[in-house]
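Colleague: this one's sequence-less:
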Ligand SMILES: Nc1ncnc2c1ncn2[C@@H]1O[C@H](COP(=O)(O)OP(=O)(O)O)[C@@H](O)[C@H]1O
Ligand SMILES: [Mg+2]
């Protein structure tokens, strides 16, 4: 026999409380599935996943617009603070404001924001193609094509820097390439941890970035300027043109130490046929002192000249001979670096990598180890 729901009345106030409240409701599964609704959007499938969010193909339930929905990982969020490496929901949503501040075709349009199950999301243009990471994994690009992509990245970064925005997380996985009439269109994604120079930095006091690409100043003084993007672009250029990033290591500490102290390998060591002028600019982009790095327009001019030369006399496409890229940094290890790194040079008086944490703080480290598992990885390798 079906039982009728108890009517709500002044005599029966409990009936009103039957519906689960936000506090009592169990959180929904982290991963969204096809057919699920998120506000006005219906999920079709997953497009990609990063350290802070997953991105889903969605369509609007009202008028069918296709979009990409970037939904923050629950583990990336804090209530109202970024302490411990977690983002406040409004910090996550800054990305929407920043892309409009830049307003460049190389930056993906964001047209709505919202919150689903306590997780902030951005609705943005759905891109077709793949990340530069996926593209590069399939094999080395012809030099003129790699240079073309780097030149486009210079233009996008130039537009951002002109508005006082530093991307701070330029890497292969944050560059998206779309096939376009026999060529490629390049977009720089993921402005989630960008620094707006005119505003207080919500990530102050943390190493926000990815260790393979992080500039020396990001892990020492924390003084992030546009030159940090030029350093990261230098790393991307090494990967695309020479077959490997300048620095690799199996440990985070050694990798940081190399960024701060080690000279990058000479480009000719990795690709003997790399033109000298191009080699010089690649090394200059990786200068330890941010003030010594070339300006973006100098970089772009050097890349343009190299591209014209590569089109006139295409060099052979050769498989990289250099060491493979480092294994991705685990969330736990990365989080430990993020949460605990002090802003001081990570090397001791003898020039050896020093522990990032004062030994007296090791007890704290043990405690933080458990917490680190839930700390967002700004550093995702
Ligand atoms: N607009 C988009 N269209 C299609 N795929 C996207 C789009 N934005 C992001 N992606 C995919 O999702 C991945 C994660 O997105 P990203 O913004 O980098 O998130 P995170 O901040 O977590 O790194 C990207 O590497 C890419 O594969
Ligand atoms: Mg990303």
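Modeller: In hand now; what should we look at? From a predicted model like this one, the values you see are computed outputs, not experimental measurements. Numbering: from 1, shown residues only. Ligands and ions are numbered 1, 2, ... in the order given.
Colleague: how many other residues sit next to whichever residue of the stretch 201-350 of the chain sits closest to ligand 2?
Modeller: Nearest to ligand 2 in the stretch 201-350 of the chain, going by C-beta to the ion, is residue 210, at a distance of 8.6 Å. In this view, the C-beta of every residue, glycine as well, is placed from N, C-alpha and C. Applying other C-beta atoms under 10 Å, we find 27 residues neighbouring residue 210.
Colleague: Residue 92 belongs to a helix, doesn't it?
Modeller: Yes. Looking at residue 92 with DSSP: H, G, I helix; E, B strand; the rest coil, it is inside a helix.
Colleague: was I right about the residue of the stretch 201-350 of the chain closest to ligand 2 contacting residue 171?
Modeller: Yes. Using C-beta atoms under 8 Å, residue 210 is in contact with residue 171, at 5.1 Å.
Colleague: near ligand 2, which residues of the protein?
Modeller: Listed as neighbours of ligand 2 in the chain under the rule C-beta under 5 Å from the ion: 50, 174, 190.
Colleague: Local confidence estimate at the nearest residue to residue 109 once chain neighbours are set aside?
Modeller: The shortest distance from residue 109 to any residue other than its chain neighbours is 4.5 Å, reached at residue 125 (C-beta to C-beta, 6 or more residues apart in numbering). We have a pLDDT of 97 for residue 125.
Colleague: How about the one 3 residues further on?
Modeller: For residue 128, the model assigns a pLDDT of 96.
Colleague: What is the burial count for it?
Modeller: Residue 128 has 10 neighbours, counted by other C-beta under 10 Å.
Colleague: Excluding chain neighbours, what is closest to it?
Modeller: Nearest non-adjacent residue to residue 128, counting by C-beta to C-beta, 6+ apart: residue 178, 5.6 Å away.
Colleague: Give me the three-state assignment for the one you found.
Modeller: Classification of residue 178 by three-state DSSP places it in strand.
Colleague: again, but for residue 170
Modeller: coil.
Colleague: That one and residue 232, how far apart?
Modeller: Going from residue 170 to residue 232 by C-beta to C-beta, to the nearest Å gives 4 Å.
Colleague: where does this structure come near ligand 1, residue by residue?
Modeller: For the chain, the contact set with ligand 1 under C-beta under 6 Å from any ligand atom comprises 47-53, 55, 68, 70, 108, 124-127, 131, 173-174, 189-190, 192.
Colleague: Of these, keep whichever come out buried.
Modeller: Buried subset of the residues of the chain next to ligand 1 (neighbour count, 16 or more other C-beta atoms under 10 Å): 47-48, 50-53, 55, 68, 70, 108, 124, 126-127, 131, 173-174, 189-190, 192.
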